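*Asks:* structure, please.
(one chain, ligands or ions: 1)
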Amino acid sequence: MLELVIIPWDLFPLAAAEEAAIVDDAFKLLMILGAPVFAFVVVTVVYSMLRFRRKGEPAGDGPAVHGPRPVILAWLAVTGALTLLVIITPGITGLRELRAHANEAPDLVVQVQGVRWMWQATYPEHGVVSYDELVLPEGERVRFEVTSIDVLHSFWVPAFRAKIDAVPGKVTTTFATPDTLGSFQQDVNMRIQCAELCGLGHSVMRLPVRVVTEEEFEAWISKRSAK
Ligand SMILES: [Cu+2]
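*Replies:* Alright, predicted model coming up:
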């Protein structure tokens, strides 16, 4: 439905997971709904600046202006309705869709631990720990079990549109089903990036992500577990 509207969707960065479409559709809807409101505000401000600019009158406050009432009521009704709409959808429905399979067993579990200023990825089923890259097989639903051992961080993979807080003493979860082969070297959005300001090294707190075929993943895992 949203694809019918002509907007340069190339503004969106690489999407490399099935779940990304849900988040991108939410952004598109917000842009479509927000553009007329933004345009109305800008036009009103510019009109008011030109129409009501000072022309030699004495300085100081003028009389208070109340109204016109129908305009105020219409403004409240329209923006209130839009706000309620986006809270319900894509807000509540989108989050529900993103977590639709949260209670089902994932294909792969990766434990991700943030620490100033790096990420550690553990593959508990394989006994593998990686500090230099996050390797994932294409087409498998991955559950990320995220935590931190010092301060608040935020696990964010732009290409997957997956983001969840990394909280000390707590495990938070998010999901992604990578559907595009690729690596950080090919596209910078393929990375875990800390998205919660956590100190000096925050901006470089990242871990390259690489999505590979099932066979390449098995080969990588056995190579790593042999070490
Ligand atoms: Cu951080």
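
*Asks:* moving C-terminal of the longest helix along the chain, what's the next helix or strand?
*Replies:* Determined from DSSP state H, the single longest helix within the chain is helix 20-51. As assigned by DSSP states H and E, the chain's next helix or strand after helix 20-51 is helix 69-86.

*Asks:* what helices and strands are in contact with the helix or strand just after that following helix?
*Replies:* Sequence-wise, the next helix or strand downstream of helix 69-86 (DSSP H and E) is helix 93-98. Helix 93-98 sits against helix 20-51, with contacts defined as 3 or more C-beta pairs under 8 Å, 6 or more residues apart in numbering; DSSP states H and E. Using the backbone N, CA and C atoms, a C-beta is placed for each residue, glycine as well.

*Asks:* so which elements touch the helix it packs on?
*Replies:* With 3+ C-beta pairs under 8 Å, 6+ apart as the test, helix 20-51 has helix 69-86, helix 93-98 packed against it.

*Asks:* nearest residue to the most centrally placed residue in the chain other than its sequence neighbours?
*Replies:* Closest to where the C-alpha atoms of the chain average out (C-alpha atoms, centre = their mean) is R161, at 4.7 Å. Closest residue in space to R161, ignoring its immediate chain neighbours: V23 at 3.8 Å, by C-beta to C-beta, 6 or more residues apart in numbering.

*Asks:* which stretches of this structure have low pLDDT?
*Replies:* Flagging of the chain using pLDDT under 70 yields the residue ranges 1-10, 227.
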